[in-house]
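Novice: give the three-dimensional model of this entry:
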Amino acid sequence: MLRKKAEIMRKPEWLKLKIQGDKNTTDVESMVEGLNLHTVCHEANCPNKMECYSRRTATFMILGRNCTRNCTFCNVTRHTPDPVDLNEPENLAKAVQILGLKHAVVTSVTRDDLPDEGANQFAEVVRQCRKYNPETTIELLIPDMSGRKELMDIIYETRPDVLNHNVETIPAFYPKVRPAANFQRSLEVLRYAKECGLKTKSGLMVGFGETEEQVVEVFKALREVGCDMVTVGQYLQPTKFHIAVKEYVHPQQFDRYRDIAFKMGFLRVNSGPLVRSSYHAEAL
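Specialist: All right, here's what the predicted structure looks like:
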C-alpha cells in the first residue's frame, strides 16, 4: 500500500546530534555484517546509532529485515520476509561475546507469516546467548505474537531477564499508527509476562498530537498490568512516506513524564527526546 507524502517538520536544536563515527563504530558494523546479523539501530534509522555503536553496543534484530506489518511510524521495510536463518541465534551469541556486552537486547520484525511467529527463534537466541555469555543479562523486545499465549510460553519459559513489549502510542492513535495492532492485546502480552514471573518493560513515543492526560492514561494501563519499567521518547519521522510529526515535545515535558511515571510506581523510567526502548537499557 502506497503512503501519501507528509512533509518533515524541521527539528529543534535539542534533537540535532553531532556525533561522528569512530573505530568502534566501524568495528561493530563490520562484525554485524560478517556474522550476517541485523540491528534495529540500522534498520530503523535510530538517531542514537552512532553513539551506541561507538560504545560497542547495539540492539540486535532477528528474523530478517522485512516485517509483515505496516506501522506508519517505522522505518523497517515491509516486503516478503526472509527465510529463518538457523545460524542466527549462535551468531548473535558470538556477537554478544565479541562486544563483551553485560546486557544484550534482542528484538525482531513481526513475522505473522510463520506458524510460530518467530517464538522458537527468540527462545534459541536466549539459549545460545546463555551458553556463550552466562554472565550477560538478556532483554527481549517482542512483537505481540498475535496474542497467542502458547507462543508467548515458548519465549517466557526461557526466563529472559527483561521482557519488553512496546505499546508505542495512545489507544486512540492505533488505527493510524499501528493499524495491525491492538492496545489491549499489547497489554495482555505484558500482563501474561508478569503472571509468568518476568520483569516487564514497555515504551511509547510522543509527538503524534497526544495530550499529557492521554499519556498518563497509558501509564495507568501499564501499571494495572504490573509493568515495571517504561520509556518515553520523541517520534521522529523517518521519511516523507511516514506519518507526520505533530509536535516536538520540549525536554521539560519529558522530565515531567518521568516524574509522573515514578510517582505512579514504575521502578525504572527513561524519558527524553532521544530515548528509545533499548537506549541505555543496561541502566534500567
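
Novice: can you give me the distance of the residue found closest to E124 once you drop the neighbours it is linked to in the chain to F219?
Specialist: For E124, the nearest residue in space outside its immediate sequence neighbours is P89; the separation is 4.1 Å by CB to CB, 6 or more residues apart in numbering. Where C-beta positions appear, they are placed from N, C-alpha and C, glycine not excepted. According to CB to CB, to the nearest Å, P89 and F219 sit 34 Å apart.

Novice: do T169 as well
Specialist: Look at T169 and F219: by CB to CB, they are 13 Å apart.

Novice: one more: T200?
Specialist: Remark: distance between T200 and F219 (CB to CB) = 14 Å.

Novice: need the overlap of contacts for those two.
Specialist: Common contact partners of T200 and F219 (CB atoms under 8 Å, 6 or more residues apart in numbering): none.

Novice: list the contacts of D153.
Specialist: Counting by CB under 8 Å, 6+ apart, D153 touches C196.

Novice: pLDDT wise, what is it at?
Specialist: Model confidence at D153, expressed as pLDDT, equals 99.

Novice: again, but for R55
Specialist: Predicted confidence (pLDDT) for R55: 68.

Novice: how about the strands in the stretch 101-250 of the chain?
Specialist: 103-108, 137-141, 162-164, 200-206, 229-234 (DSSP state E, counting those that start in this stretch).

Novice: okay, these in TSV with mean neighbour count, distance to A181 and mean pLDDT next?
Specialist: As requested, the strands of the stretch 101-250 of the chain are arranged in TSV below (neighbours: other CB atoms under 10 Å; distance: least, CB to CB, whole Å; pLDDT from 0 to 100):
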stretch	mean neighbour count	distance to A181	mean pLDDT
strand 103-108	24	15	93
strand 137-141	22	14	97
strand 162-164	25	15	98
strand 200-206	25	13	97
strand 229-234	25	18	97
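
Novice: can I get those strands in JSON lines with distance to N120?
Specialist: Conversion of these to JSON lines gives the following (distance: least, CB to CB, whole Å):
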{"stretch": "strand 103-108", "distance to N120": "12"}
{"stretch": "strand 137-141", "distance to N120": "13"}
{"stretch": "strand 162-164", "distance to N120": "16"}
{"stretch": "strand 200-206", "distance to N120": "21"}
{"stretch": "strand 229-234", "distance to N120": "26"}
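
Novice: which other helices and strands contact the host helix or strand of F262?
Specialist: Assessed by DSSP states H and E, F262 sits inside helix 251-263. Applying 3 or more CB pairs under 8 Å, 6 or more residues apart in numbering; DSSP states H and E, we find helix 251-263 packed against helix 212-224, strand 229-234, strand 268-271.

Novice: just name the most buried of the ones you listed.
Specialist: Burial among the helices and strands packed on helix 251-263, expressed as mean neighbours by mean count of other CB atoms under 10 Å, is greatest for strand 229-234, which shows a mean of 25.

Novice: output the contacting helices and strands for that one.
Specialist: Using 3+ CB pairs under 8 Å, 6+ apart, the elements in contact with strand 229-234 are strand 200-206, helix 212-224, helix 251-263, strand 268-271.

Novice: make it 10 Å
Specialist: With contacts defined as 3 or more CB pairs under 10 Å, 6 or more residues apart in numbering; DSSP states H and E, the packing partners of strand 229-234 are strand 162-164, strand 200-206, helix 212-224, helix 251-263, strand 268-271.

Novice: mind listing the strands that strand pairs with, and their directions?
Specialist: Strand 229-234 has the following strand partners under DSSP bridges: strand 200-206 (parallel), strand 268-271 (parallel).

Novice: please tabulate the ones you listed in JSON lines and include distance to E224 as additional columns.
Specialist: As requested, the strands paired with strand 229-234 are arranged in JSON lines below (distance: least, CB to CB, whole Å):
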{"stretch": "strand 200-206", "distance to E224": "12"}
{"stretch": "strand 268-271", "distance to E224": "17"}
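
Novice: R127: which of the helices and strands packed on helix 251-263 is closest?
Specialist: Proximity of the helices and strands packed on helix 251-263 to R127 was assessed by CB to CB; the nearest stretch is strand 229-234, lying at 24.2 Å.

Novice: chain center to the closest one, what's the gap?
Specialist: Here the centre of strand 229-234 is set off from its chain's centre by 10 Å, with CA atoms, centre = their mean, to the nearest Å.

Novice: output that strand as CSV, restricted to C-alpha atoms.
Specialist: Listed in CSV are the C-alpha atoms of strand 229-234, where the atom choice follows Å, rounded to 0.1, in the frame of the first residue of the first chain:
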residue,chain,number,x,y,z
MET,A,229,9.7,-0.1,33.6
VAL,A,230,8.7,2.4,31.0
THR,A,231,10.4,4.5,28.3
VAL,A,232,9.2,7.7,26.6
GLY,A,233,10.8,9.2,23.5
GLN,A,234,10.1,11.6,20.7
